[in-house]
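Participant: Structure of the sequence below:
(chains A and B, ligands or ions: 1)
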Amino acid sequence: MKSCKKCNVSVNGSFARCPLCQHALTPDTDSKTQDMTYPFVPLIKHKHIFLYRMLQLCSFAAVVIAIAVNYVLGGHRWSLFAVAGVACMWLGLIVGVRKRHNILKNLAYQMNIVCLLAVWWDLFTGWRGWSIDYVIPITFMSVIAATTILVRVLKVQTDDFIIYLVLLIFYGIIPSVFIVTGLCTITIPSMSCVAVSLISLAALLIFEGRNMAAELRRRFHL
Amino acid sequence: MIDSQPKAWYKLDNAAKIFPPTSSKSDTKVFRFSCELNDAIDPATLQSALDAAIDDFAGFRCTLKRGMFWYYLEQSDIMPRVHEEDTPPCSMFYLERKGLLFEVTWYGKRINVEIYHALTDGTGAVQFIKTIVAHYLKITHPETQFDVGEIDYDASDTQKMNDSFNKYYGNEPKHVKRTKMPTAHKLRGAKEPEWRFNIIEGTLSVSNFLREAHNLDATMTTLVTALLMQAIFGEMSVRERKRPVIITVPVNLRNYFDSKSNRNFFGMMYIKHDFNRDGTTLTDIIASVKACFAEQLNPDYVRHRMNKMLAFEHNPFIRIVPLSLKNIVMKSVYHMSVRMVTAQLSNIGKITMPSEVKPLINKFSLFTPTERAQVCICSYEDTLTITFTSPFVSKDVQCRFFRGLADMGLAVEITANDLSKQK
Ligand SMILES: [Zn+2]
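Facilitator: Numbering: from 1, shown residues only, chains lettered A, B, ... in the order given. All right, here's what the predicted structure looks like:
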């Protein structure tokens, strides 16, 4: 075993210098080669970091160019849409990356973002109601369908998806409010969405009623 | 869909509640126990040993779930698999793989058990690694005559998964002097990249160390705490000396309240020394360390601290706050509380094994990386391991600390990880 004369300690492993004071180690007489004490783990070089930075730069450039061109040409302030578009893309991307470990959760989050942004865009472009007529019910329906397919394809455990399905069904019933209050002018998408949700709820209760109750008790314990 | 039975689940114990909201890549709240044997580890045997051990620790087979109001542990069907150590120690494996809250790995002659603190504390972890090692040695050395069952406590599965905090909550003692802790001196400096940290483990003789400690009229924990304070003092500037050095030491509540739980059951002590006011010699430091221990290591004080901690969980108004809001509150409370901490020290004490297998085991050790400096101590037979982990590039405090031990005439053997090669 090697030793450090400055620290007065013996040192295990393949060190050439003292891990405490960086002074050169003195080898002992029985100089048999020492094994590594911990595995060598190289620093993670993020593969996507370059792409990510390029995307950042491109987004910034797009925003600056849009504002500059808009300013020079004058007229309608369309550059604001470019800025909002870039912001929306980043919001989706950040949530997508942060929730990448749980695809069902990711889907639910993205659904919320899409719906909120749709309403917001609709509001700021002179309310024409397309967000409530089409975007929200169709998004809800697609996400319920996607989740149902995903849990089968990915063989997700019952307890791991019930809560998402319950939440989605709860969301899916919201468009009934649009119909009752007359908020939407075109009722077919909203009606279909409510119908799909109710049928899914019935299926869940019939096949997984006990598990659903247990899951709700767990998730909502005080 | 197969109609499956609803899964068993457990509320997080009181101490564990703080861990999920405050875990991060820089402070993963994972700790590692290692056991070094005389021969290289055989992976297949280790897997069999783990399979056998997990039967006794059925409650450990669970994943962390997020509820509306609290996190909770849910029984899982995942079978733990052993693998060779291939990541930096104590990574956030529990989050990234959505898996179990512990991991068993091996490297050379060493068996590592890494556990997320939300699952259990050091005492529970010691029981677990002892059981794994015992099963392993039973397979590799069939000639040894010992009962693996004797290692574990005589406790049922429910007793093991009990939250002992809840059992002993209430009954506030009278006349407990409350001391408000000031802001502590903070270690600063450049940190290692990617939340890596330096591990320096010193191995020395228990009997020699205890002899030195008794000469100074101190216990093992007292002396190590004092030496750590002295090492930190050595790197403090004159201006920094106006703040006290505060070291937190967890106290095993099982020593105060009858409990066979494998879950968390510990409290925190704050050991304070003000170098401007209380003196700078080792004798001065030992005196204040002893005074702090004497004040805080009495049953009334321990109970008072425990009740204070539990009041949060038992407050009906806090209970009905959604988890995401609770997390914000808990994070800020935690960040305020760490301002009162310079470094952490944890002494798990003596680890014992049946006498038949004693010659087959070289040593036990443990460590946990935190955002501060952390010293972990455990002993096995006459081998004392003191492991110093720190996220800082500079190892000056560690150098002073281990030189302090060597200067007492103790033979110290250093085992460290080498981050310089990994850049
Ligand atoms: Zn040295």
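Participant: what's near enough to touch the residue nearest the centre of chain B?
Facilitator: Geometric centre of chain B, nearest residue: residue B:122, 5.0 Å, by Cα atoms, centre = their mean. Shown in contact with residue B:122 (Cβ atoms under 8 Å, 6 or more residues apart in numbering or on different chains): B:31, B:33, B:250, B:252, B:266, B:346, B:348, B:366. Glycine gets a C-beta too; all of them are placed from N, C-alpha and C.
Participant: now, among the residues you listed, which is nearest to residue B:114?
Facilitator: The nearest member of the contacts of residue B:122 to residue B:114, counting by Cβ to Cβ, is residue B:31 at 7.2 Å.
Participant: ok, residues contacting stretch B:163-170?
Facilitator: B:10-11, B:13-15, B:253-254, B:257, B:259, B:261, B:263-265, B:303, B:306-307, B:309-310, B:314.
Participant: one more time with 10 Å
Facilitator: B:10-17, B:253-254, B:256-261, B:263-267, B:303, B:306-307, B:309-311, B:313-314 (Cβ atoms under 10 Å, 6 or more residues apart in numbering or on different chains).
Participant: residues touching the nearest residue in space to residue A:198 that is not next to it in sequence, list them.
Facilitator: Leaving out its chain neighbours, the residue that sits closest to residue A:198 by Cβ to Cβ, 6 or more residues apart in numbering or on different chains is residue A:173, at 7.3 Å. Residue A:173 makes contacts with A:140, A:193-194, A:197-198, A:201, as judged by Cβ under 10 Å, 6+ apart.
Participant: Right, and chain B sits closest to which residue of chain A?
Facilitator: For chain A and chain B, the shortest gap (Cβ to the nearest Cβ) falls at residue A:214, measuring 3.4 Å.
Participant: can I assume that residue sits in a helix?
Facilitator: Yes: counting by DSSP: H, G, I helix; E, B strand; the rest coil, residue A:214 is part of a helix.
Participant: does the nearest residue to it once chain neighbours are set aside sit in a helix or strand, and which one?
Facilitator: For residue A:214, ignoring the flanking residues on the chain, the nearest one in space by Cβ to Cβ, 6+ apart is residue B:6 at 3.4 Å. Counting by DSSP states H and E, no helix or strand carries residue B:6.
Participant: What's the local residue count around residue B:6?
Facilitator: Look at residue B:6: counted by other Cβ atoms under 10 Å in any protein chain shown, it has 16 neighbours.
Participant: Give the buried residues for stretch A:66-85.
Facilitator: Applying a neighbour-count criterion of 16 or more other Cβ atoms under 10 Å in any protein chain shown, one finds A:66, A:70, A:79, A:82, A:85 buried in stretch A:66-85.
Participant: Repeat that for stretch B:275-282.
Facilitator: Buried residues in stretch B:275-282, defined by neighbour count with 16+ other Cβ under 10 Å: B:275, B:282.
Participant: distance between that stretch and the chain's centre?
Facilitator: 29 Å (Cα atoms, centre = their mean, to the nearest Å).
Participant: Any figure for the gap between the nearest residue to residue B:396 once chain neighbours are set aside and the ion?
Facilitator: Among residues not flanking residue B:396 along the chain, residue B:235 sits closest, at 5.2 Å (Cβ to Cβ, 6+ apart). Relative to the ion, residue B:235 is positioned 16 Å away (Cβ to the ion, to the nearest Å).
Participant: returning to what we had before: okay, the contacts of residue B:122 in CSV with distance to chain A, pLDDT and secondary structure next?
Facilitator: Below are the contacts of residue B:122 laid out as CSV (distance: Cβ to the nearest Cβ, whole Å; pLDDT from 0 to 100; DSSP: H, G, I helix; E, B strand; the rest coil):
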residue, distance to chain A, pLDDT, secondary structure
B:31, 16, 93, strand
B:33, 15, 95, strand
B:250, 25, 90, strand
B:252, 28, 85, strand
B:266, 24, 84, strand
B:346, 21, 94, strand
B:348, 21, 92, strand
B:366, 15, 94, strand
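Participant: Turn these into JSON lines, columns for neighbour count.
Facilitator: Listed next are those as JSON lines, based on neighbours: other Cβ atoms under 10 Å in any protein chain shown:
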{"residue": "B:31", "neighbour count": "26"}
{"residue": "B:33", "neighbour count": "26"}
{"residue": "B:250", "neighbour count": "18"}
{"residue": "B:252", "neighbour count": "17"}
{"residue": "B:266", "neighbour count": "19"}
{"residue": "B:346", "neighbour count": "23"}
{"residue": "B:348", "neighbour count": "22"}
{"residue": "B:366", "neighbour count": "24"}
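Participant: could you list every residue that touches residue 77?
Facilitator: Using chain A here. Contact analysis of residue A:77 by Cβ under 10 Å, 6+ apart lists A:67, A:70-71.
Participant: The chain in question should be chain B.
Facilitator: A:157, A:159, B:4, B:7, B:61, B:63.
Participant: same thing but at 8 Å, please
Facilitator: residue A:157 are the contacts of residue B:77 under Cβ under 8 Å, 6+ apart.
Participant: Within range of chain A, give me the residues from the stretch 151-300 of chain B.
Facilitator: Residues of the stretch 151-300 of chain B lying close to chain A (Cβ under 8 Å from any Cβ of the partner chain) are B:193-194, B:196, B:198-200, B:202.
Participant: Buried ones from these, can you make that a PyMOL selection?
Facilitator: Buried residues within these, by 16+ other Cβ under 10 Å, are selected in PyMOL with:
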select buried, chain B and resi 196+198+199+200+202
